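1. return atomic coordinates for the entry below.
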Amino acid sequence: MSKSSQLKVVNERGWAKLLSEIKKGNVVPIIGNELLKINVKGERILLREYLVKQLAKKIDVAYHEGLSFTDLCCDTCNANWNKVDSDPYYEVYQILQNIDLEVPESLNKLFEIEEFRIVLTTTFDNLVEKALAQRKGKDKVKSYYYEKRTNGQDIYNVDDVIVYQMFGKPDVIQNSYVLTEDDLLEFLHLWLNDEWKPKNLSRILSEKYLLVIGCNYPNWLFRFFLHSMKSNMNTIPEKKMGMIADSQIDEDLVTFLSRIDAQMHDDAERFIDELVFRYKSCTKSEVKNEVFISYASEDENIASQIVNAFKKNNIGVWFDKKELEPADEYVKKIKSNIQDSKIFVPILSRNVLTPERRFFRAEWNWAIEETVYRPASFIYPIVIDDMDVQHNHIPREISCLQTVDYNSSEFEDNLKKVIRNTRR
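-> As a prediction, the model looks like this:
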């Protein structure tokens, strides 16, 4: 058995890691052409193949399997384009303006996963945006694209669901979006350049778990692509690279991906089927507790009131007094619930200003470790008396954070801000 055939199937560890990252909101899907199949005269074909056929017909070039946009834009085809007084970039733009594409089933299925907040696409059509708009509502989805003449569009507000077209979108201007291999190399070069890449989006990508589906790039090009998305690959935390589902994974690429701990699958559509099945299975069997409350036992009564305040706003809370059974593996279950929560709330009082080794300190330490993998705020301390937050028994990673004052008249308003962040 070859090395590639041994490594292409995602193992159970890989599925568990991916589902865990999805639940935390840490996964960014990157959608490629392999997923975009449309119905033409009762036959499902790739959108890219359909467009190539239309362009070939326009300039009277015989279509054959493997014909590409690059072939149709080469020097030998220039005379054909001059005869019709047009160019392939304009023609693709016109075709997409005048057809109403049906969203492929694979995209509809993928976006049953609610936690995807940012979705990238390497394609120039609007099918990803359309699929998300149908599921989330058009007003909830914001669309951006990389525009190379203006240093690229960047994202600044992540309250909405975001679709980002990495390689431009169709325009009447030649080379304004990726059609050929030369265009792709130019855009990737810009993404690698600190002056030209979208800085906020690049920072987010460097911190997220990438789920690359159907891009179908050859070995050398995929490495270039991955370096463009993860320009600081040498500083990526362990196990933080991602997963790739493509049909064109050769043995050398498998070796490279396994070395950086990226999981692989050799069929994009079958991968989505299994991913969504596993996602639905685990979300059915688990209680979704979004907030973990950590407190000293002396503060249990007030901690219970804070739990109720969250629950009034339909936020699930993990509160060990209610959740743990005597037979549970105590440490294992608490660590797991901290990792699975969206935010961690330590209750701070005079009762925690003690040098003794107490269990809430272990919870604090696990939460602090978790912040390494969280791009946004994860710890929200709530102060319930006149304790000194800067006391030397409070870890610096907590004492430096903005706190919520339980006794303030603005407590409910501040709690709602925390809840809004939780829901993002």
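2. okay, and the helix or strand of the chain with the least pLDDT?
-> Sorting the helices and strands of the chain by mean pLDDT, DSSP states H and E puts helix 3-7 at the bottom, at a mean of 42.
3. just how off-centre is stretch 364-382 within its chain?
-> 19 Å (Cα atoms, centre = their mean, to the nearest Å).
4. show me where the stretch 301-424 of the chain has strands.
-> Using DSSP state E, counting those that start in this stretch, the strands found in the stretch 301-424 of the chain span residues 317-318, 343-348, 382-383, 404-405.
5. so which of those comes closest to K140?
-> Between K140 and the strands of the stretch 301-424 of the chain, the tightest spacing by Cβ to Cβ is seen for strand 343-348, at 22.2 Å. C-betas here are computed from N, CA, C, even on glycine.
6. for the stretch 151-300 of the chain, what are the low-confidence residue spans?
-> 151, 218-221, 229-264, 283-288 (pLDDT under 70).
7. worst average pLDDT in the strands of the stretch 301-424 of the chain?
-> Ranked by mean pLDDT, these end with strand 317-318 at the bottom, a mean of 82.
8. tell me the strands beside that strand, with direction?
-> Sheet pairing of strand 317-318 (DSSP bridges) gives strand 291-294 (parallel).
9. hang on, the earlier thing: which of the strands of the stretch 301-424 of the chain sits most buried?
-> Ranked by mean neighbour count, those are led by strand 343-348 with a mean of 24 (mean count of other Cβ atoms under 10 Å).
10. list of residues touching that strand?
-> The contact list for strand 343-348, computed with Cβ atoms under 8 Å, 6 or more residues apart in numbering, reads 290-296, 299, 302-303, 306, 338, 352, 360, 363-364, 367, 370, 377-384, 387, 389, 394, 398, 403, 418, 421-422.
11. ok, now how distant is L353 from Q402?
-> Taking Cβ to Cβ, to the nearest Å as the measure, L353 falls 19 Å from Q402.
12. quick one: which of the two has more around it?
-> L353 (15 against 8; other Cβ atoms under 10 Å).
13. quick check: that one touching D386?
-> No - the pair L353 / D386 is not scored as a contact, 11.2 Å apart, by Cβ atoms under 8 Å.
14. tell me the contacts of E412?
-> Counting by Cβ under 8 Å, 6+ apart, E412 makes contact with A309.
15. let me redo that: F111
-> Each residue near F111 by Cβ under 8 Å, 6+ apart is listed here: 131-132, 135.
16. report pLDDT for the closest residue to it other than its chain neighbours.
-> In space, F111 comes closest to R135 once its chain neighbours are excluded; the distance is 5.0 Å by Cβ to Cβ, 6 or more residues apart in numbering. Model confidence at R135, given as pLDDT, is 88.
17. how about R135, what does it touch?
-> By Cβ under 8 Å, 6+ apart, the contact set of R135 is 108, 111-112.
18. just the closest of these to G25, please.
-> Among the contacts of R135, and counting by Cβ to Cβ, the member closest to G25 is F111, at 14.7 Å.
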